[in-house]
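S.K.: need a 3D model of the following:
(one chain, ligands or ions: 2)
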Amino acid sequence: AMASGGQRVVLITGCSSGIGLRLAVLLAQDAKKRYYVVATMRDLRKKGRLEEEAGDTLNKTLTIRALDVCSDESVTQCLDGIQDRRVDVLINNAGIGQIGPIESLGMPEMQKVFETNFFGAVRMIKAVLPDMKRRKSGHIVVMSSVMGLQGIVFNDIYSASKFAMEGFCESLAVQLLKFNINVSLIEPGPVNTEFEMKLMEEVGKSEFPGADADTVHYFKNVYLPASHEIFVTLGQSPDTVAKATARVIEMSRPVFRCQTNALYTPLVAMKYADESGNLSVRTFYNLLFNYGTLFHLSMSALRCLTCSCFRRRSVYPS
Ligand SMILES: NC(=O)C1=CN([C@@H]2O[C@H](COP(=O)(O)OP(=O)(O)OC[C@H]3O[C@@H](n4cnc5c(N)ncnc54)[C@H](OP(=O)(O)O)[C@@H]3O)[C@@H](O)[C@H]2O)C=CC1
Ligand SMILES: CC1=C(/C=C/C(C)=C/C=C/C(C)=C/C=O)C(C)(C)CCC1
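M.R.: Ligands and ions are numbered 1, 2, ... in the order given. Here you go, the predicted structure:
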């Protein structure tokens with residue numbers, strides 16, 4: 001199978017589960033067959049779920065290939081296997097999370113987060129750029145996060161890796177516009193994928209060496225329950241994020257940024273509302289440490305501020 005005339009070749013990283021898998025299937029099932037999806041994953045032994053969900057699009061509008069974003073050889077091999085090495089839309093989705101007190105995290109584990117989330121995407125972009133520039137067309141999409149705009153407690157390294165991606169893309173987007181290449185950052189809040197489970201598995205294994213008892217207490221008994229509640233109450237489905245991403249790919253003039261969860265917009269906006277930064281730091285402090293009544297009240301106030309009925313009323317008065 002290969003792309004037919006007029007089809008856009010979309011390469012997605014990290015398609016073994018979660019957002020990448022949903023997006024690959026969604027684009028492959030496009031009613032107008034506008035996309036030829038190269039759905040990649042680092043370990044092909046995990047391709048079963050994607051094959052199943054792809055159904056009859058498999059080997060028609062979707063092909064599964066091996067790609068580890070941390071390996072030069074793997075990236076080269078994958079691109080060499082694509083007709084004319086042509087990628088019209090690159091979706092950098094592969095990523096890993098990391099939570100916990102930094103005192104108990106090793107430097108190699110922290111570097112692994114940057115190697116995957118930041119340098120992995122940089123490696124991919126470097127690899128497709130010469131061809132996109134020659135053809136004067138292309139779209140580079142990055143699965144960032146609201147944590148690329150606003151740090152969240154105990155997510156220090158993960159958040160930094162997404163901030164790094166945001167800074168990188170802001171810089172690159174200006175140059176690339178000269179070549180008619182668009183860059184877009186997708187910024188979801190929590191999404192119900194394997195992501196949270198993988199984090200909890202890591203946390204379960206750790207004895208938090210090097211971290212003091214108070215910090216471990218705040219992490220385990222304050223942060224973890226609050227974070228879990230946020231995933232349960234405000235978490236989006238990978239399908240919602242996939243659909244938002246598909247809309248961005250379809251745009252004739254793609255947006256540079258797309259927050260998928262309106263509930264986070266006011267949280268992120270705080271830093272621009274008070275340039276001293278104290279509003280952000282103190283609000284997050286109160287939300288976390290006055291968890292309980294205040295936490296629940298604040299979260300429902302936020303929900304009320306941003307819920308769609310309110311916006312419908314204010315934007316389209318009846
Ligand atoms: N879930 C969430 O709450 C949010 C997630 N995001 C971002 O969305 C993206 C997708 O995450 P999500 O779907 O939620 O999580 P999942 O854990 O379900 O999926 C992550 C995918 O990335 C892959 N991956 C990890 N390392 C590599 C690598 N070196 N090379 C290739 N693939 C790799 C995983 O493959 P494998 O199975 O082999 O490990 C898996 O396919 C990430 O960038 C994440 O940071 C953003 C906001 C919120
Ligand atoms: C909003 C908020 C919290 C947690 C937010 C979380 C857990 C967000 C997760 C986002 C993810 C997983 C993004 C992935 O890229 C706290 C600190 C519990 C309390 C204060 C308010």
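S.K.: for the helix or strand where Glu170 lies, packing partners?
M.R.: Glu170 is located in helix 156-177, with elements delineated by DSSP states H and E. Counting by 3 or more CB pairs under 8 Å, 6 or more residues apart in numbering; DSSP states H and E, the packing neighbours recorded for helix 156-177 are helix 107-113, helix 119-135, strand 138-143, strand 181-187. C-betas here are computed from N, CA, C, even on glycine.
S.K.: show me the shaky parts of the stretch 1-150 of the chain.
M.R.: Within the stretch 1-150 of the chain, the stretches with pLDDT under 70 are 1.
S.K.: leaving out the residues flanking it, which one is nearest to the closest residue to ligand 2 within the chain?
M.R.: Closest contact between the chain and ligand 2, by CB to the nearest ligand atom, is at Ser145 (3.0 Å). Beyond its immediate neighbours in the sequence, the residue positioned closest to Ser145 (CB to CB, 6 or more residues apart in numbering) is Lys162, lying 4.7 Å away.
S.K.: the one you found touches Ile152, doesn't it?
M.R.: No: using CB atoms under 8 Å, Lys162 and Ile152 do not qualify as a contacting pair, with a distance of 10.3 Å.
S.K.: and the helix holding Glu170 with strand 181-187, angle?
M.R.: Helix 156-177 and strand 181-187 meet at an angle of 160 degrees, taking axes from the mean of the first three to the mean of the last three CA atoms, to 10 degrees as the criterion.
S.K.: now do the contacts for the residue nearest to Ser145.
M.R.: The contact partners of Lys162, taken as CB atoms under 8 Å, 6 or more residues apart in numbering, are Asn117, Ser144, Ser145, Met147, Gly148.
S.K.: what about 10 Å?
M.R.: When contacts are counted by CB atoms under 10 Å, 6 or more residues apart in numbering, Lys162 is found next to 95, 113, 117-118, 142-151, 155, 185, 187.
S.K.: I'd like to know how far the residue lying closest to Pro209 once chain neighbours are set aside sits from Lys112.
M.R.: Sequence neighbours aside, Ser104 is the residue nearest to Pro209 in space, at 5.5 Å (criterion: CB to CB, 6+ apart). Using CB to CB, to the nearest Å, we find Ser104 at a distance of 15 Å from Lys112.
S.K.: which strand or helix spans the closest residue to Glu196 other than its chain neighbours?
M.R.: Among residues not flanking Glu196 along the chain, Phe231 sits closest, at 5.3 Å (CB to CB, 6+ apart). Under the criterion DSSP H and E, the helix or strand holding Phe231 is helix 224-234.
S.K.: pull out the buried positions in the helix or strand just after that helix.
M.R.: Beyond helix 224-234 on the C-terminal side, the first helix or strand identified by DSSP H and E is helix 238-250. Taking 16 or more other CB atoms under 10 Å as the basis for neighbour counts, the residues of helix 238-250 that come out buried are Pro238, Thr240, Val241, Ala242, Ala244, Thr245, Ala246, Val248, Ile249.
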